[in-house]
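>>> Below are the sequence and a predicted model; questions follow.
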Amino acid sequence: MLSLEITSCSCYHVGMSKTVLITGATGGLGRAFANLFAAERYTLVLVGRDARKLTALRREIAARFPRVTVKTIAADLSHPGAAESVYRQTERAHVTVDVLVNNAGFATHGAFVSIPLSDDLEQIAVNITAATAIAKLYGFHMAKRRRGKILNVASVAAYQPGPYMAVYYASKAYVLSLSEAMSAELSPRGVTVTALAPGATKTGFAARAGLENTFLFRVAGDPVAVAEAGYHGLMEGKRVVIPGLQHLVLSILARIFPHRLVLSVLTWLQQ
């Protein structure tokens with residue numbers, strides 16, 4: 001069930017504050033983004049699957065930033081039509097989204113033929129279908145207003161295939177490609193589109209995918225630092241942001257080294 005719960009901690013700058021909508025807001029990068037935008041006194045619209053976690057996050061932000069307005073929408077974006085329902089709720093509440101952080105996503109880990117089809121289809125529904133719908137619905141009105149910013153969370157995984165995480169890597173390649181195309185189309189209309197492409201990051205992502213003990217996630221980055229890099233890149237209108245020099249180098253090497261070698265290394269790292 002989808003519900004819009006509006007909480008305002010004060011009447012500070014009513015009607016003047018910009019609004020950011022963040023999907024996947026209750027953990028990891030989403031939570032970090034929520035706190036970053038709250039510190040800048042944005043009105044927050046936080047979207048997540050778990051209503052209880054959304055309530056806890058809203059209270060946490062209210063305690064830290066008592067003058068910030070927080071709105072929550074409980075929605076499972078893997079369900080058909082969920083993205084459209086989120087959009088309709090913000091329209092009914094007369095919420096104008098100035099900044100979109102398209103962050104919701106997850107991964108599965110294992111041999112492609114062994115992972116249940118339902119898991120892969122759910123991953124595609126969140127990482128691709130919902131991300132596309134959210135970007136299109138809010139991007140359309142940003143383009144009409146000739147102003148707005150969109151941050152799509154991709155991954156350095158977008159730059160090469162990923163054995164044992166095949167669908168996830170493919171989905172992030174889609175997000176990166178979509179973001180760059182959107183950037184070219186929308187920038188003349190006053191809307192910037194930024195793809196954030198982090199490497200392994202210490203979030204709930206690894207636990208859900210069963211990757212906590214892999215080498216990549218033992219040296220994972222800090223989600224706050226990744227979110228800060230994404231935030232600054234978004235504000236500067238950058239097309240792609242790859243946080244961390246090592247991840248930038250790896251993304252370049254993945255395009256330079258022989259394809260067979262890249263696949264072999266990734267197979268070893270993720271098997």
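Happy to help now that I have it. Numbers count the residues shown, from 1 in each chain.
>>> Once you drop chain neighbours, what's closest to P161?
Leaving aside its sequence neighbours, P161 sits nearest to Y169 (CB to CB, 6 or more residues apart in numbering; 5.7 Å). Any C-beta I mention is one placed from the backbone N, CA and C, and that applies to glycine too.
>>> My understanding was that the one you found contacts Y159; is that so?
No - if you go by CB atoms under 8 Å, Y169 and Y159 don't touch, sitting 9.0 Å apart.
>>> residues touching the nearest residue to I61 once chain neighbours are set aside, list them.
In space, and not counting its chain neighbours, I61 is closest to A38: 5.1 Å by CB to CB, 6+ apart. When contacts are counted by CB atoms under 8 Å, 6 or more residues apart in numbering, A38 touches 44, 61, 64-65, 68, 70.
>>> Now, those residues that are in helices?
61, 64 (DSSP state H).
>>> Give me the buried subset of the contacts of A38.
44, 61, 65, 68, 70 (16 or more other CB atoms under 10 Å).
>>> in the stretch 51-200 of the chain, which ranges drop under the pLDDT threshold?
Applying pLDDT under 70 to the stretch 51-200 of the chain flags the ranges 200.
>>> and the nearest residue to E84 once chain neighbours are set aside, helix, strand or coil?
Using CB to CB, 6+ apart and skipping the chain neighbours, the partner closest in space to E84 is A133 (6.2 Å). Classification of A133 using DSSP: H, G, I helix; E, B strand; the rest coil returns helix.
>>> surely A133 meets S85?
No - A133 is beyond contact range of S85, at 10.1 Å (criterion: CB under 8 Å).
>>> Which one's more surrounded, the two?
Shown here are A133 and S85; by other CB atoms under 10 Å, A133 has more neighbours (18 against 15).
>>> for that one, what are its contacts?
83-84, 87.
>>> try V86
For V86, counting by CB under 8 Å, 6+ apart, the contacting residues are 2, 23, 47, 73, 75, 77, 134.
>>> Which of the residues you listed fall in helices?
Per DSSP H, the contacts of V86 map to helices at I134.
>>> Weed out the non-buried ones from the contacts of V86.
23, 47, 73, 75, 77, 134.
>>> Could I get those in a markdown table, plus columns for distance to S17?
Output for these, formatted as a markdown table (distance: CB to CB, whole Å):
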| residue | distance to S17 |
| --- | --- |
| T23 | 20 |
| V47 | 18 |
| I73 | 18 |
| A75 | 23 |
| L77 | 25 |
| I134 | 21 |
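>>> Among these, which pair sits farthest apart?
I73 and I134 (11.4 Å; CB to CB).
>>> need the helices for the stretch 1-150 of the chain, in chain order.
Using DSSP state H, counting those that start in this stretch, the helices found in the stretch 1-150 of the chain span residues 28-39, 51-64, 82-92, 117-124, 131-145.
>>> Can you tell me which of these is nearest to M182?
Nearest of the helices of the stretch 1-150 of the chain to M182, taken as CB to CB: helix 131-145 at 6.7 Å.
>>> Extract the CA atoms of that closest one and return them as PDB.
Provided in PDB are the C-alpha atoms of helix 131-145 (Å, rounded to 0.1, in the frame of the first residue of the first chain):
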ATOM      1  CA  ALA A 131      14.100   4.100 -12.300                       C
ATOM      2  CA  THR A 132      13.000   4.900 -15.900                       C
ATOM      3  CA  ALA A 133       9.500   5.700 -14.900                       C
ATOM      4  CA  ILE A 134      10.500   8.000 -12.000                       C
ATOM      5  CA  ALA A 135      13.000   9.800 -14.200                       C
ATOM      6  CA  LYS A 136      10.500  10.200 -17.000                       C
ATOM      7  CA  LEU A 137       7.600  11.400 -14.900                       C
ATOM      8  CA  TYR A 138       9.500  14.000 -12.900                       C
ATOM      9  CA  GLY A 139      11.900  14.900 -15.800                       C
ATOM     10  CA  PHE A 140       8.900  15.700 -18.000                       C
ATOM     11  CA  HIS A 141       7.700  18.400 -15.700                       C
ATOM     12  CA  MET A 142      11.300  19.700 -15.000                       C
ATOM     13  CA  ALA A 143      11.700  20.200 -18.700                       C
ATOM     14  CA  LYS A 144       8.400  22.100 -18.900                       C
ATOM     15  CA  ARG A 145       9.500  24.400 -16.100                       C
END
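>>> Kind regards, and thank you for your time.
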